[in-house]
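> need a 3D model of the following:
(chains A and B)
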Amino acid sequence: MALLVVRGLRVRYPGAQEDALRGVDLELAPGEFVCVLGPSGAGKSTLIRCINRLVEPASGQIIWDGHDAMRLKGAHLLAYRRQIGMIFQEFHLVDRLPVLANVLMGRFGYVSPWQAAIGRYGPQEVAWARQALARVGLAGYELRRARDLSGGQRQRVAIARALVQRPRLMLGDEPVSNLDPVTARAIMALLAEINRRDGLTMLINLHSVDLARAFATRVIGLSRGQVAFDGPPSRVDRSVLEQVYGTAG
Amino acid sequence: MRPSKARSVPGAGLLSLSRRTWAALAVLIAVHVWAAIGTEFSPARFARLANSIELLTRWWPPAWELADRILEASVVTIQIALMGTTLAVLFALPLSFLAARNTAPGRFAYNASRTLLTVLRGIPEIVIALVLVPTVGLGPFPGVLALFIHNLGVLGKMVSELIEAADRGPQEAVLATGGGRGHMILFGILPQIVPETLSQAFYRLEVNVRASLVLGFIGAGGLGHELFLSFRVMRYAEVLVQVAAILVLITAVDYASAWVRRKVM
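Prediction:
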């Protein structure tokens, strides 16, 4: 059964002339590594923000694990979101806090704000945080301040933060666009390894066609708010790219 | 070589202003001419500069024998300013989350707290102190309360604007983990606004040292009270020492502020 089904998703931002998404259909099977390609403004960010309900669609369906996720509210919405990890282009760590506190943010769905403020987490949660840090190659960095790390290291911390959510889906909003090519490839390789070993489903927006070809099990091309291509990376050729990005470049 | 006959091209330079902007500037200048007339602004009067210099010569020599008493008064002044400022910061922080568009629990709370802050900010400290004296009596305490209430209004507005300007990224990241409003405020916003809030708090401390002087005129004690007494009996030698003490206080606050900012930023 599909992990996530998206049907007829439409989004219009307040004051915008056109829909940001114009009827997107999408199905994700567990264990897939899906990369979303498309020019700036095609709706890539909007699509993944709709999936974890950071952006409210005008219409359409989001079905998570067989259940309607569109009507979730309050505690149910938070419970839904904690099953979905997310990483960002700008990492979005709390720069002033130590790495460990940033990773444990992934447990916010389970601890009260005050418990989080005084750093009161269960031993199991702290153990998961340390394991996650080791997993992303940052064992021993627990007490370093997030802002003292390099871009690649910060994205690793953000991945660890998402992992301690113990998510069933990982969303990425251009997570490597702010990194140099070598670091970008290393981060993609890390995501691919997590995908393979844990079977964690990935839905990652990318700017780089090469990285999508190298790591994705499936590529989706978005163009002007619609799916223009959906298939294996081997089928991403010149004509597909023209279709997705437009010939004007 | 630079081509000859260069001329201003519309839209090319810093001063390529539209007709409307030039009109607005003209209005602005007119308003200031009007204000200058209203305030009897007149550089010609500096012809009598000698009068002020003559006054200043009567300040010398400073009355250092009063140093002990002035030191004591300085301590009271800094205590008034410190209590007023710290209380204002502590109460302004929670209030500003109600008064920021992105964190207010609703339109009513937003409008009510905005209005409250404006009212608090609008009442001068000295009026608040005068109103409170019959209740709490004379002395430094009404001064502390007056500074607290006025600065609550000032800092509440400043901090709520910091909250509105905070980077959305970390807030989004908190929501994406399944965190709620409380998590978002504590982790997504608070760490971002701490340095600038501290910086503003220190600036208000400096302003409050000066404001407490005026409150001293109505009996709040401290350096202001001393200054008022010496001025009234025209003992300018004492005034000189008091002004020196004020300068030292302001400078000390400034250094403390720079030190803390270096540590926190």
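
> please count neighbours and contacts with C-alpha atoms only from this point.
Will do.

> let me know the helix or strand that residue 194 is in.
No chain was given, so I picked chain A. helix A:181-198 (DSSP states H and E).

> that's the wrong chain, I wanted chain B
Per DSSP H and E: helix B:190-215 holds B:V194.

> off-centre distance for stretch B:20-33?
Chain-centre distance of stretch B:20-33: 28 Å, with C-alpha atoms, centre = their mean, to the nearest Å.

> and stretch B:112-127, by the same measure?
Its chain's C-alpha centre and that of stretch B:112-127 lie 14 Å apart, by C-alpha atoms, centre = their mean.

> quick one: contacts of it?
With C-alpha atoms under 8 Å, 6 or more residues apart in numbering or on different chains as the test, stretch B:112-127 has contacts from B:95, B:98-99, B:143, B:146-147, B:149-154, B:156-157, B:211, B:214-215, B:218.

> what about chain A: which of these touch it?
When contact is defined as C-alpha under 8 Å from any C-alpha of the partner chain, these do not meet chain A at all.

> inside strands: which ones of the residues you listed?
Among those, no member is found in strands (DSSP state E).

> worst-scoring helix or strand of chain A, pLDDT-wise?
helix A:238-245 (a mean of 89; mean pLDDT, DSSP states H and E).

> so which bits of it are buried?
Of the residues in helix A:238-245, A:L241, A:Q243, A:V244, A:Y245 count as buried by neighbour count, 16 or more other C-alpha atoms under 10 Å in any protein chain shown.

> over to stretch A:130-148?
Buried, per 16+ other C-alpha under 10 Å, within stretch A:130-148: A:R130, A:Q131, A:A132, A:L133, A:R135, A:V136, A:L138, A:Y141, A:E142, A:R145, A:A146, A:R147.

> do stretch A:145-165 as well
Here stretch A:145-165 shows A:145-147, A:151-165 as buried, counting by 16+ other C-alpha under 10 Å.

> circling back: which elements pack onto the least confident helix or strand of chain A?
strand A:218-223, strand A:226-231 (3 or more C-alpha pairs under 8 Å, 6 or more residues apart in numbering or on different chains; DSSP states H and E).

> now it - C-alpha only, PDB.
Extracted in PDB, the C-alpha atoms of helix A:238-245 (Å, rounded to 0.1, in the frame of the first residue of the first chain):
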ATOM      1  CA  ARG A 238      17.100  15.900 -22.900                       C
ATOM      2  CA  SER A 239      13.500  15.900 -24.000                       C
ATOM      3  CA  VAL A 240      12.300  15.300 -20.500                       C
ATOM      4  CA  LEU A 241      14.400  18.200 -19.200                       C
ATOM      5  CA  GLU A 242      13.100  20.500 -21.900                       C
ATOM      6  CA  GLN A 243       9.600  19.500 -20.900                       C
ATOM      7  CA  VAL A 244      10.300  20.300 -17.200                       C
ATOM      8  CA  TYR A 245      12.500  23.300 -17.400                       C
END
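
> take the buried residues of stretch A:145-165 and keep only those in helices.
Judged by DSSP state H, those include A:151-163 as members of helices.

> report how many residues lie close to the closest residue to A:F108 other than its chain neighbours.
Excluding its sequence neighbours, the residue lying closest to A:F108 (C-alpha to C-alpha, 6 or more residues apart in numbering or on different chains) is B:G179, at 4.8 Å. A count of nearby residues for B:G179, using other C-alpha atoms under 10 Å in any protein chain shown, gives 28.

> my guess is B:G179 is in a helix, correct?
No: judged by DSSP: H, G, I helix; E, B strand; the rest coil, B:G179 forms no part of a helix; its state is coil.

> compute the distance between it and B:F187, please.
As for B:G179, its distance to B:F187 is 10 Å (criterion: C-alpha to C-alpha, to the nearest Å).

> over to B:G143?
35 Å.

> which one's more surrounded, those two?
For B:G143 versus B:F187, neighbours defined as other C-alpha under 10 Å are more numerous around B:G143 (32 against 25).

> just the pLDDT at that one, thanks.
B:G143 is assigned 89 on the pLDDT scale.

> helix/strand/coil for the residue nearest the centre of chain A?
Geometric centre of chain A, nearest residue: A:L171, 1.5 Å, by C-alpha atoms, centre = their mean. At A:L171 the chain is in strand, as set by three-state DSSP.

> wait, it sits on A:L203?
Yes: assessed by C-alpha atoms under 8 Å, A:L171 is found in contact with A:L203 at 5.0 Å.

> tell me, what's touching the two both at once?
In contact with both A:L171 and A:L203: A:I48, using C-alpha under 8 Å, 6+ apart.

> near chain B, which residues of chain A?
A:52, A:54, A:77-82, A:84-87, A:90, A:92-94, A:96, A:105-109, A:112-113, A:116-117, A:162, A:165.

> which of the residues you listed fall in helices?
A:L77, A:L78, A:A79, A:Y80, A:R81, A:P113, A:A116, A:A117, A:A162.

> what is the burial count for the closest residue to B:P105 other than its chain neighbours?
Among residues not flanking B:P105 along the chain, B:L98 sits closest, at 6.7 Å (C-alpha to C-alpha, 6+ apart). Per other C-alpha under 10 Å, the neighbour tally for B:L98 reads 24.

> with the one 3 residues further on instead?
Burial measure for B:R101: 19 neighbouring residues, criterion other C-alpha under 10 Å.

> wouldn't it be in contact with B:N111 here?
No: under the criterion of C-alpha under 8 Å, B:R101 is not in contact with B:N111, lying 9.4 Å apart.

> give me the contact list for the helix or strand where A:E27 lies.
In this structure, A:E27 sits in strand A:21-28 according to DSSP H and E. Residues external to strand A:21-28 that are found in contact with it (C-alpha under 8 Å, 6+ apart): A:2-12, A:42-43, A:46-47, A:60, A:224-227.
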